[in-house]
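Colleague: just a sequence and a predicted model for now, questions to come.
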Amino acid sequence: MSENRFSFFVMLGLVLALGYLSYLILRPFLAPIAWAVVFSIVFFPVYSFVVKYARWRSLAAGVTVVLVCVLILGPFSYFAYLLTVELSNVSPDTFDFKSIASLLNHPLVTPITRRLLSFFNISQAQLQASAVKALSDTGETLVGYLPGRLGDAAGAALHFVLMAFALFFFLRDGPQFLARISGYMPFSQAHRERLTRQVKDIVISTIYGGIIVALVQGLIGSFTFGLLGIHSPILWGLAMSISSFIPFVGSAIVWVPTALWLLLQGSVGGGLVLLFVGIFAISAVDSGLRPLIIRGRVRMPLLVIFFSVFGGIQLFGLIGLVMGPLVLGVFISVVDIFKDVEREYD
């Protein structure tokens, strides 16, 4: 018995050591691998559709990878470039303090402004300085998350090639790979199938029902802000995409104050246009598209998605926008399975 126990601990130590060394080897490539995992989940329905006609899994995976590359190298790269430029230009000179001061001194706004300033015991100049510093720091942080800057062009190109390479194999061999992994799970076959189903539902409800809705709202917001001549429309679109995860208020926390600001500034037409788009387009996406996508599926609470998105960005960078909800969703599913297993043993 003691010899068997010694052999077990030796084997466990060997597995942990080799696992840690494997992590060190793969650590420089975790970002492209993570992006490949995300894109394989998002575009797997496309691969499944293509493979019906192509019949060869390798050909279908290659066609899907080409499609993903075209979508990324085209609009996404251009969007990332514009966003990088806008974030890099966030500075005190970006803001028109005269218009902001006139807005704060508006007869309808002045009573509210005075109460807020007296409540927080700060002056109007301190409020402006704090806002600019917060925006500048946020801009610098977000710029650090964006790939493809001039200094990182070679590294970004290499990571993109590695991502495409990994994506090909994830699409082609993904189902077989998952089936092999499930064999190591300490669950019964019924629990494995349930875990797979729950993870799939959570992925669809978070990635499709959350990320896609956020992207659509951000695109509509960016286009509308640019059409109205508002400074940094791509940055405001990104803000709307991220704020769409905030419970109850969503992206309205961005476009409603902007519309009111336009109205108070005298741009009645622009304010009414933004209100119309916000109510009948941006809000309609959230109230119409999201329930349509996640109908009948496991739905994570919006508050959980909100913290998982921001926590994921803080931990993983820009990929955390997707990996945060995905990791948390898998964790919730595993805990749910363990609860059922514990009841069975009781």
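Modeller: Cool, got the structure.

Colleague: going by C-alpha atoms from here, please, whenever you check contacts or count neighbours.
Modeller: Will do.

Colleague: for Gly320, grab the count of nearby residues.
Modeller: Neighbour count for Gly320, taken as other Cα atoms under 10 Å: 21.

Colleague: surely it and Ile313 touch.
Modeller: Yes. If you go by Cα atoms under 8 Å, Gly320 and Ile313 touch, sitting 4.2 Å apart.

Colleague: where does Val256 fall, secondary structure wise?
Modeller: For Val256, the host element (DSSP states H and E) is helix 252-264.

Colleague: can you map out the helices along the stretch 101-250 of the chain?
Modeller: Here the stretch 101-250 of the chain has its helices, by DSSP state H, counting those that start in this stretch, at 110-120, 124-145, 153-182, 189-203, 213-227, 233-243.

Colleague: which of those has the lowest average pLDDT?
Modeller: When those are compared by mean pLDDT, helix 124-145 comes last with a mean of 59.

Colleague: what residues of the helix holding Val256 count as buried?
Modeller: Within helix 252-264, the residues that count as buried by 16 or more other Cα atoms under 10 Å are Ala252, Val254, Trp255, Val256, Thr258, Ala259, Leu260, Trp261, Leu262, Leu264.

Colleague: turn those residues into CSV, columns for distance to Arg180.
Modeller: As requested, these are exported to CSV (distance: Cα to Cα, whole Å):
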residue, distance to Arg180
Ala252, 45
Val254, 46
Trp255, 48
Val256, 50
Thr258, 52
Ala259, 53
Leu260, 56
Trp261, 57
Leu262, 58
Leu264, 62
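
Colleague: tell me the least confident of those residues?
Modeller: On pLDDT alone, Leu264 ranks lowest of the buried residues of helix 252-264, at 75.

Colleague: state the distance from that residue to Leu272.
Modeller: The gap separating Leu264 from Leu272 is 11 Å, by Cα to Cα, to the nearest Å.

Colleague: Ser222 too?
Modeller: Taking Cα to Cα, one finds Ser222 at 16 Å from Leu272.

Colleague: between these two, who's got more neighbours?
Modeller: Legend: neighbour count by other Cα under 10 Å for Ser222 and Leu272, higher for Ser222 (23 against 15).

Colleague: for that one, what are its contacts?
Modeller: For Ser222, the contact set (Cα atoms under 8 Å, 6 or more residues apart in numbering) comprises Pro233, Ile234, Leu235, Trp236, Gly237, Leu238.

Colleague: rerun that using 10 Å as the cut-off
Modeller: The contact partners of Ser222, by Cα atoms under 10 Å, 6 or more residues apart in numbering, come to 216, 228, 230, 232-241.

Colleague: likewise Pro325?
Modeller: For Pro325, the contact set (Cα under 10 Å, 6+ apart) comprises 202-203, 205-207, 210-211, 300, 304-312, 331.
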